[in-house]
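S.K.: need a structure here:
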Amino acid sequence: MFNISALMTDREMSGGRITAPRFHLPHRGGIVTERYTRKMSFNERLFVVGNEIYPPVANQLFFDGVGELDRSRWIKAVAVASEANPGSRVVLEGHLGFSRWVDSGVAPRVREVDGSHWNGLGPEGAPFLLEPLPYREPPTCEVVLIQGSPLRVVFRTHHGVMDARGTLVWATDIFRALRGETVIGSCSTLTDVELVKSFQKKMRKPFPTEHIPPSGRAATDGEGVLWKRRHVPGKFSRVLPQCARLLAQEAWRHSDGIVRFGIPVDLRPRREGLRSTANLSFALYIEIKPETTVEQIAADIAFQLKNGYEGMLSPGDELVNHVPLALLRSQARRIIRKRHTQGIYSLSGVLSNLGREDLARYEGGGFKATGFWAIPPRNEYHPLFLVMAGYGDNLELILSMPKILADGGRLDEILERLAQGVQKID
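M.R.: Residues are numbered from 1 along each chain as shown. Next up, the predicted model:
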């Protein structure tokens, strides 16, 4: 979803393979048949590390709906769409700087589970969402059909393999296949680093570890992440700047200090016609001060996007490719413990706006979507991760926090004040 290396600003920081089908690439001399493969970027490497520490670090995108969920139809549609989007079937081969994502040829699985005792507002009653997704063997992606009221479909993808927008590229083709339409497909091998280097040459200096959390300090020890969802009906504008301002006010309830958020940005619009399931998101950063207004936050974001700030690498980012995963894991664990002990972080949190989805695109196979939302990727490194998702005249706010910052009702209180604080359009 974002440039995780830039967010982690602290510098403390194959065996036998399945024979995969080939896909066709145009070539001056005719058609060349090749197996889909792309380099593993440093961002994706860090997502793999995070997933090994506190799984699942996954994109989990939900469509609530009505109708029926016929697993046999979904299995066929997933196979067709995944053949056209081989990035959904990749596994990791190689090590260090030679790591690559390679098409396994195995279609992502389709599971069916009982969700009749799950309300979709938190993790309780949904153990199927904790199912790990491997990365050196399939499936790295899956579709879960959740029987209940409402019906739900969740597209789960290992964050080392895809970002949220890439997951939607795959999902929309699955729905096309369910409707009997021709799938569009994607076979781009472009990485996030290659893409940002094509439009941004400037570098970003890492921020100091100086940011206060919206929750206040951790009072206990422990591991794990909690999340909650709130549905807010109505029309809204400037949702992300509003939420950024509200969360900064939450932080200042507990202490004075610096508040800065990372905002994942989809890089695909930087390359006309680009379709890709890969991780093509980097972050820009906004600092909120007591006098900062919602309008100023919106203007700052617009200015940074206009000037390609989301494409800035930091010195040493790509060196991550040459650090063993085991060393990255141990360093990340140590830094997380240190952050919670000190009560200051590399950022105050991450804010991801998935935008407004047209639910008409998510209908097929007897299922019709009536809602859209997503759980933030599991994240213990930052004190907060907020996802915003819209459809029609509806807003979904999904907030996740490390348990030791969410305890004592803090997560519920912050989410409630967010839901009450966002201003609707008259």
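S.K.: Any stretches of the protein with poor pLDDT?
M.R.: By pLDDT under 70, the weakly predicted segments of the chain are 1-33, 426.
S.K.: could you dump the longest helix along the chain to PDB, C-alpha only?
M.R.: As assigned by DSSP state H, the longest helix anywhere in the chain is helix 325-342. Extracted as PDB, the C-alpha positions of helix 325-342 are listed here (Å, rounded to 0.1, in the frame of the first residue of the first chain):
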ATOM      1  CA  LEU A 325      15.500 -11.600   5.900                       C
ATOM      2  CA  ALA A 326      16.500 -13.000   9.300                       C
ATOM      3  CA  LEU A 327      18.600  -9.900  10.100                       C
ATOM      4  CA  LEU A 328      15.800  -7.600   9.000                       C
ATOM      5  CA  ARG A 329      13.300  -9.500  11.200                       C
ATOM      6  CA  SER A 330      15.400  -9.300  14.300                       C
ATOM      7  CA  GLN A 331      16.100  -5.600  13.800                       C
ATOM      8  CA  ALA A 332      12.500  -4.800  13.100                       C
ATOM      9  CA  ARG A 333      11.400  -6.600  16.300                       C
ATOM     10  CA  ARG A 334      14.000  -4.600  18.300                       C
ATOM     11  CA  ILE A 335      12.900  -1.300  16.800                       C
ATOM     12  CA  ILE A 336       9.200  -2.000  17.500                       C
ATOM     13  CA  ARG A 337      10.000  -2.700  21.200                       C
ATOM     14  CA  LYS A 338      12.100   0.400  21.400                       C
ATOM     15  CA  ARG A 339       9.400   2.600  19.900                       C
ATOM     16  CA  HIS A 340       6.800   1.500  22.400                       C
ATOM     17  CA  THR A 341       9.100   2.000  25.300                       C
ATOM     18  CA  GLN A 342      10.100   5.500  24.200                       C
END
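S.K.: list the helices and strands the helix or strand just after it packs on?
M.R.: Going down the chain from helix 325-342, the next helix or strand is strand 349-356, by DSSP states H and E. Here strand 349-356 touches helix 239-254, strand 259-266, strand 385-391, going by 3 or more C-beta pairs under 8 Å, 6 or more residues apart in numbering; DSSP states H and E. In short, each C-beta sits where N, CA and C put it, glycine included.
S.K.: Residue 294: which of those is closest?
M.R.: Using C-beta to C-beta as the measure, helix 239-254 is the one of the helices and strands packed on strand 349-356 that comes nearest residue 294, at 4.7 Å.
S.K.: thought residue 225 was touching residue 383?
M.R.: No: using C-beta atoms under 8 Å, residue 225 is not in contact with residue 383, being 11.0 Å away.
S.K.: what comes up buried for the longest helix of the chain?
M.R.: Buried residues in helix 325-342, counted by 16 or more other C-beta atoms under 10 Å: 328, 331, 332, 335, 336, 339, 340.
S.K.: quick one: the helices in the protein?
M.R.: Under DSSP H, the chain gives helices at 4-7, 42-53, 71-84, 164-178, 192-197, 239-254, 294-306, 325-342, 403-406, 410-421.
S.K.: which ones are touching residue 233?
M.R.: Applying C-beta atoms under 8 Å, 6 or more residues apart in numbering to residue 233 gives the contacts 393, 394, 395.
S.K.: returning to what we had before: of residue 225 and residue 383, give the one with the bigger neighbour count.
M.R.: residue 383 (30 against 19; other C-beta atoms under 10 Å).
S.K.: For that one, which non-adjacent residue is closest in space?
M.R.: Setting aside the residues directly before and after it, residue 383 is nearest to residue 213 in space (C-beta to C-beta, 6 or more residues apart in numbering), at 3.4 Å.
S.K.: same check, this time on residue 236
M.R.: Nearest to residue 236 is residue 395, by C-beta to C-beta, 6+ apart, at 5.4 Å.
S.K.: quick one: contacts for the one you found?
M.R.: Counting by C-beta under 8 Å, 6+ apart, residue 395 touches 231, 232, 233, 234, 236, 239, 388, 389, 422.
S.K.: So what pairs up with it in the strands?
M.R.: Beta-bridge partners recorded for residue 395 (DSSP bridges): residue 232, residue 390.
S.K.: right, and residue 99 touches residue 321 too?
M.R.: Yes: Residue 99 is within contact range of residue 321, at 7.3 Å (criterion: C-beta under 8 Å).
S.K.: any common contacting residues for these two?
M.R.: 40, 45.
S.K.: Of these two, which one has the most company?
M.R.: Legend: neighbour count by other C-beta under 10 Å for residue 99 and residue 321, higher for residue 99 (20 against 17).
S.K.: mind listing what that one touches?
M.R.: 39, 40, 45, 92, 93, 321 are the contacts of residue 99 under C-beta under 8 Å, 6+ apart.
S.K.: re earlier: does the residue nearest to residue 383 really touch residue 340, like I thought?
M.R.: No: here residue 213 lies out of contact with residue 340, judged by C-beta under 8 Å, at a distance of 9.4 Å.
S.K.: shared neighbours, those two?
M.R.: residue 405.
S.K.: got the buried residues of helix 325-342 as JSON lines, with distance to residue 379 columns?
M.R.: Shown next, in JSON lines, are the buried residues of helix 325-342 (distance: C-beta to C-beta, whole Å):
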{"residue": "328", "distance to residue 379": "16"}
{"residue": "331", "distance to residue 379": "16"}
{"residue": "332", "distance to residue 379": "11"}
{"residue": "335", "distance to residue 379": "13"}
{"residue": "336", "distance to residue 379": "10"}
{"residue": "339", "distance to residue 379": "12"}
{"residue": "340", "distance to residue 379": "13"}
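S.K.: got a list of what residue 324 touches?
M.R.: The contact partners of residue 324, by C-beta under 8 Å, 6+ apart, come to residue 96.
S.K.: let's see it at 10 Å
M.R.: 95, 96, 330 (C-beta atoms under 10 Å, 6 or more residues apart in numbering).
S.K.: Over to residue 238?
M.R.: Contact analysis of residue 238 by C-beta under 10 Å, 6+ apart lists 244, 245, 294, 295, 297, 298, 301, 422, 423, 425.
S.K.: repeat that with 6 Å
M.R.: For residue 238, the contacting residues are 294, 298, by C-beta atoms under 6 Å, 6 or more residues apart in numbering.
S.K.: out of the contacts of residue 99, which is most surrounded?
M.R.: residue 40 (26 neighbours).
S.K.: Quickly note the distance from the nearest residue to that one once chain neighbours are set aside to residue 44.
M.R.: Leaving aside its chain neighbours, residue 40 sits nearest to residue 99 (4.0 Å; criterion: C-beta to C-beta, 6+ apart). As judged by C-beta to C-beta, to the nearest Å, residue 99 and residue 44 stand 9 Å apart.
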